[in-house]
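Participant: Dropping the sequence and predicted coords here.
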Amino acid sequence: MEHTNQTQNINITDALMTRINELISHYPSDKRKSALLPVLHEVQDAHDNWLSIELMDRVAEILQIKPIEVYEVASFYSMYNQRPIGKYMFEFCQTSPCCLNGVENLMDYTCNKLGVKVGEPTPDGMFEVRGVECLGACGYAPMMQLGDFYQEHLTEEKIDQLIADCKDNKIILHDK
């Protein structure tokens with residue numbers, strides 16, 4: 001499991017706890033673990049888009065499950081971050097349709113443009129590039145996810161525009 005030595009301010013607010021309890025209520029009382037994925041999303045969103053070990057331990061406590069059960073899920077799915085990440089995470093799909101349509105070249109282009117390697121945030125913490133498994137939009141290849149939204153039929157020009165729009169705070173990351 002990827003992890004960081006950085007500390008994280010754990011703040012389970014009343015509003016967040018209300019939301020967590022609402023999510024838990026969707027499942028039978030003896031199946032609280034079933035709420036794990038949506039609870040991790042909510043908790044991560046409330047904590048600068050990453051989950052420290054201490055925060056995952058807190059989720060385990062809330063759901064009354066073992067911490068290892070949370071770690072297994074958080075380390076398996078690419079949408080959970082176990083370290084601070086760039087504000088704008090460019091998550092490029094790396095499965096066959098996207099690769100056949102040049103996504104690897106676009107990832108290299110983006111990394112060169114930002115001056116980083118894959119998985120490395122820019123020094124200002126604004127950007128990061130990551131390769132992920134299938135995002136389920138093969139007909140729109142090459143594509144990536146930025147926040148909650150897909151960016152499709154990518155080109156170098158579209159990448160340039162996305163970077164500029166992010167720098168100008170014109171990109172909405174979450175559909176909430």
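Facilitator: On my side now, so go ahead.
Participant: Assign T110 to helix, strand or coil.
Facilitator: helix (DSSP: H, G, I helix; E, B strand; the rest coil).
Participant: roughly how far apart are it and H174?
Facilitator: Counting by C-beta to C-beta, to the nearest Å, the separation of T110 from H174 is 21 Å. The C-beta positions use only the backbone N, C-alpha and C, and glycine is treated the same way.
Participant: And Y109, by the same measure?
Facilitator: Remark: distance between Y109 and H174 (C-beta to C-beta) = 26 Å.
Participant: Just the strands from this structure, written as ranges.
Facilitator: Ranges of strands within the chain are 88-93, 127-132, 144-146, 149-151, based on DSSP state E.
Participant: Kindly reformat those strands as a markdown table containing distance to L100 and mean neighbour count.
Facilitator: What follows is the strands of the chain, written out as a markdown table (distance: least, C-beta to C-beta, whole Å; neighbours: other C-beta atoms under 10 Å):
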| stretch | distance to L100 | mean neighbour count |
| --- | --- | --- |
| strand 88-93 | 11 | 23 |
| strand 127-132 | 15 | 21 |
| strand 144-146 | 15 | 22 |
| strand 149-151 | 18 | 16 |
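Participant: how about a markdown table for those strands, with distance to Y27 added?
Facilitator: Formatted as a markdown table, these follow (distance: least, C-beta to C-beta, whole Å):
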| stretch | distance to Y27 |
| --- | --- |
| strand 88-93 | 28 |
| strand 127-132 | 27 |
| strand 144-146 | 27 |
| strand 149-151 | 28 |
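Participant: Figure out how far stretch 86-103 is from the centre of its chain.
Facilitator: 14 Å (C-alpha atoms, centre = their mean, to the nearest Å).
Participant: same thing with stretch 16-28?
Facilitator: With C-alpha atoms, centre = their mean, you get 21 Å for stretch 16-28.
Participant: Just give the number of residues close to N49.
Facilitator: 18 (other C-beta atoms under 10 Å).
Participant: Settle it for me: which of T110 and H174 has more neighbours?
Facilitator: T110 (22 against 9).
Participant: distance of that one from F90?
Facilitator: Taking C-beta to C-beta, one finds T110 at 6 Å from F90.
Participant: cool, and K167?
Facilitator: 13 Å.
Participant: and if you look at S96?
Facilitator: Distance from S96 to F90, by C-beta to C-beta: 20 Å.
Participant: and what of S78?
Facilitator: With C-beta to C-beta as the criterion, S78 and F90 are 13 Å apart.
Participant: Give me the common contacts of those two.
Facilitator: R130 (C-beta atoms under 8 Å, 6 or more residues apart in numbering).
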